[in-house]
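**Q** model the structure of this input:
(chains A, B, C and D)
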4 protein chains.
Amino acid sequence: MNPTPRFEQLASELADVGRRFFERGWVLGTSGNFSAVIATRPLELCITPTAARKGDLTASDFLYADSRGRVRSPRGGKPSAETPLHLEVINARGAGAVLHTHSIWSTILSERYRNHKGLAIEGYEMLKGLDGVATHEHREWIPIVENDQNISKLAEQVKDVLAAEPASHAFLISGHGLYTWGRTIADAERHVEVLEFLLETLGRR
Amino acid sequence: MNPTPRFEQLASELADVGRRFFERGWVLGTSGNFSAVIATRPLELCITPTAARKGDLTASDFLYADSRGRVRSPRGGKPSAETPLHLEVINARGAGAVLHTHSIWSTILSERYRNHKGLAIEGYEMLKGLDGVATHEHREWIPIVENDQNISKLAEQVKDVLAAEPASHAFLISGHGLYTWGRTIADAERHVEVLEFLLETLGRR
Amino acid sequence: MNPTPRFEQLASELADVGRRFFERGWVLGTSGNFSAVIATRPLELCITPTAARKGDLTASDFLYADSRGRVRSPRGGKPSAETPLHLEVINARGAGAVLHTHSIWSTILSERYRNHKGLAIEGYEMLKGLDGVATHEHREWIPIVENDQNISKLAEQVKDVLAAEPASHAFLISGHGLYTWGRTIADAERHVEVLEFLLETLGRR
Amino acid sequence: MNPTPRFEQLASELADVGRRFFERGWVLGTSGNFSAVIATRPLELCITPTAARKGDLTASDFLYADSRGRVRSPRGGKPSAETPLHLEVINARGAGAVLHTHSIWSTILSERYRNHKGLAIEGYEMLKGLDGVATHEHREWIPIVENDQNISKLAEQVKDVLAAEPASHAFLISGHGLYTWGRTIADAERHVEVLEFLLETLGRR
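**A** Sure thing, here's the model as predicted:
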């Protein structure tokens, strides 16, 4: 498939997200990966290529992938190794965009609460930045999935945790980072900002 | 009412404030809200719309509101849910601008000192950046108001605390963030910088 | 006196320093002040005006002052209240530029070591960024002066401490911030960066 | 030798790296130094001059040096005093670029683990940003070399540690900072970002 105006638009928005996250230190090295849904039935995905620096992306770096993560861009390329995790989130939540970041604080908390298989955040006004949350009294449970280099096994874990915790807006992978999503790229970016803020607050208090 | 040059000027200044605060991580997600007084008797207010990203605002995003927080902009729109708090501050202090931020450190301290219903800052030269303060020996009391999703009740609490603490330059809402104000937008922005500096110093020492 | 090319050059360099320090959070509010020597015998000084935001300065905001801190700019204006401290440093050290910053860490350390009337930094390679220091084994003593709103008394203290500690490259004022200097503005800025780095390292370790 | 297009290209890339590292506070003062290999047999090196500010570099500030660190630029100049360390890394690892940074956290950890002569990092997904590392279960050993102003002795220590730890991607010098490298400047920059992230995570947890 050749890039459509919608692909170009989403890729360009994701590239801007990458620049902002890089400046905040949330996607250092080549860490992090981003995707957005171009179309459903069949699913068409705009996704970051593997091993790219997230602060330098341009729209033309992004790839076209199908519902099984196979690249459909005419020039080929290899999508992020974690594409199956993006697909699980999209299938389970009907997300329009999935963003994965590696911040200092999400990494620290993903280890500190690893044995509890998750952490709860409660009592903060900032929680209202999460989709559908209307009060600071909301209790957000962020499950922690065990990291695994076998991406199929990791995707299986993610699938299970998304099914087991249908109200969660995000999950952590231990020693690895944060996944969150939203109906649009802007919603998903807001979720990253909200959750990174809350995790840093929890980590420092 | 149609935008006047004064509205445009204030909205444009507040948009610049938003960009600077966003860069420092003080208004992540869609947190924070800003207002400035266009005219008094009757009160006319320039205020941020609800749920906006504060780093991306342009002057045309701002709304015209009256003394009861009703929108008077020809295109309508919904002002920040916390407009009643801005109005309490303006009424109690004669402020020309009100700025509300959500930083990591103000959030942490708003919880750490919650049971004391406030915190005192004393002995810092930076205190002289607060309006009318001429010495580091000044003792600034920052009241902490209990967060409440019932905005009328929260506004009532704010009204009471502003009356009870007539010398305070700011207040915190527990688990929520900082409110401060000034005669002009520049004064209010200076107050945010001064208070965020002092709260971070207190939090880290 | 009317602005000369040399005044313009120094003022413009100091304005750039202000922007960089503001971005790093070292001169929030209207804190901090900067000066550079235009000429000696008689002394002519380019100095920040009182109460200015240091991130927004342009060359035309700076003032011309004489050896007693009196403004000689045709349009008048009021120099930083701490001008007498700048003059003491220039007289005692023959400095060409004096920079005063208010960072979180210098404030915290100025209180933590207040009873010791100073703090020692030793064993860091970064010390070699200080003028004349050739080894990390150098022991830098940073005296701490008690803050005082009586600027003449504070200047007297500074004069005494500069005489008592002729090898020191800087001093702290308790609860207030850092003063350092250099032969040129670039040297003084390097000293600020080196010392802020070392104070933060000391504060966090 | 006069600058070649390849020299210009490498110098320009290293200048960009300097700007990015300066913004993150990793090369404050005049700390840090960078090099890239122009040619091998005989070795030609593009290297930072001594005592330069790393945030302000332009391509024309860089120097041409030979395999013994002697400057070959027509206008002369003095390369970084630590050029012999760059040469040891290039010889031992066949690196195409060597980057040395001075961050707060690498400095703190270089002292905290000094008696252990190194520190281990294990269990983090971010480790996969290091060349040839395919799993978070990788254990990266970062040796710590004792700082020494005798650059020949320091280079000797570095040579020994590189031989003793052939799998290490970096080393620290106590109270001084981080050295890492890569086949290209981009690889070396990725290593700096990955290692600074991991060291800060270790330092804060």
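**Q** A:V27 is in contact with A:L99, correct?
**A** No. Checked against Cβ atoms under 8 Å, the pair A:L99 and A:V27 is beyond contact range at 9.5 Å. C-betas here are computed from N, CA, C, even on glycine.
**Q** how about A:L178, secondary structure?
**A** When classified by DSSP: H, G, I helix; E, B strand; the rest coil, A:L178 comes out as strand.
**Q** bridging residues for it?
**A** A:T101, A:L172 (DSSP bridges).
**Q** contacts only, for it.
**A** Each residue near A:L178 by Cβ atoms under 8 Å, 6 or more residues apart in numbering or on different chains is listed here: A:100-103, A:106, A:110, A:170-172, A:192, A:195-196, A:199.
**Q** please repeat the previous calculation with a cut-off of 10 Å.
**A** A:26, A:32, A:99-103, A:105-107, A:109-110, A:142, A:170-172, A:191-192, A:195-196, A:199 (Cβ atoms under 10 Å, 6 or more residues apart in numbering or on different chains).
**Q** same deal with A:L154?
**A** A:A81, A:E82, A:P84, A:L85, A:E88, A:V145, A:E146, A:N147, A:D148, A:I173, A:H176.
**Q** ok, these vs D:S73, which is closest?
**A** Nearest to D:S73, judged by Cβ to Cβ, of those is A:A81 at 43.6 Å.
**Q** just the pLDDT at that closest one, thanks.
**A** Model confidence at A:A81, expressed as pLDDT, equals 93.
**Q** do the same with the one 4 residues further on
**A** pLDDT, the model's per-residue confidence, is 98 for A:L85.
**Q** now, the contacts of A:L178 that are in strands?
**A** A:L99, A:H100, A:T101, A:I142, A:A170, A:F171, A:L172 (DSSP state E).
**Q** and the contacts of A:L154, which two are the farthest apart?
**A** Farthest pair in the contacts of A:L154 (Cβ to Cβ) is A:A81 and A:E146. Separation: 17.0 Å.
**Q** quick one: which of the ones in strands among the contacts of A:L178 has the most company?
**A** Highest neighbour count within those: A:L99, with 30 neighbours (other Cβ atoms under 10 Å in any protein chain shown).
**Q** correct me, but that residue touches A:V194?
**A** No. Using Cβ atoms under 10 Å, A:L99 is not in contact with A:V194, being 11.9 Å away.
**Q** what residues are shared contacts of these two?
**A** Here A:L99 and A:V194 share the contacting residues A:A170, A:T180, scored by Cβ under 10 Å, 6+ apart.
**Q** contact partners for the residue of chain A found nearest chain C?
**A** The nearest approach of chain A to chain C comes at A:E23, 12.0 Å away (Cβ to the nearest Cβ). In this structure, A:E23 makes contact with A:G55, B:E23, D:R20, D:E23, D:R24, judged by Cβ under 10 Å, 6+ apart.
**Q** same question, A:S73
**A** A:M1, A:N2, A:P3, A:F7, A:C46, A:P49, A:S60, A:F62, A:L63, A:Y64, A:A65, A:P79.
**Q** now do 7 Å
**A** A:S73 is in contact with A:L63, A:Y64, counting by Cβ atoms under 7 Å, 6 or more residues apart in numbering or on different chains.
**Q** backbone torsions only: list them for it.
**A** Dihedral angles of A:S73 (phi, psi; degrees, to the nearest 10) stand at phi -70, psi 140.
**Q** measure it to C:R190 for me?
**A** 49 Å (Cβ to Cβ, to the nearest Å).
**Q** run through who's touching the lowest-mean-pLDDT helix or strand in chain A.
**A** Every helix and strand in chain A was compared by mean pLDDT, DSSP states H and E; the lowest is strand A:63-65, with a mean of 94. The contact list for strand A:63-65, computed with Cβ under 7 Å, 6+ apart, reads A:1, A:7, A:44-47, A:49, A:71-73, A:77, A:79, A:83.
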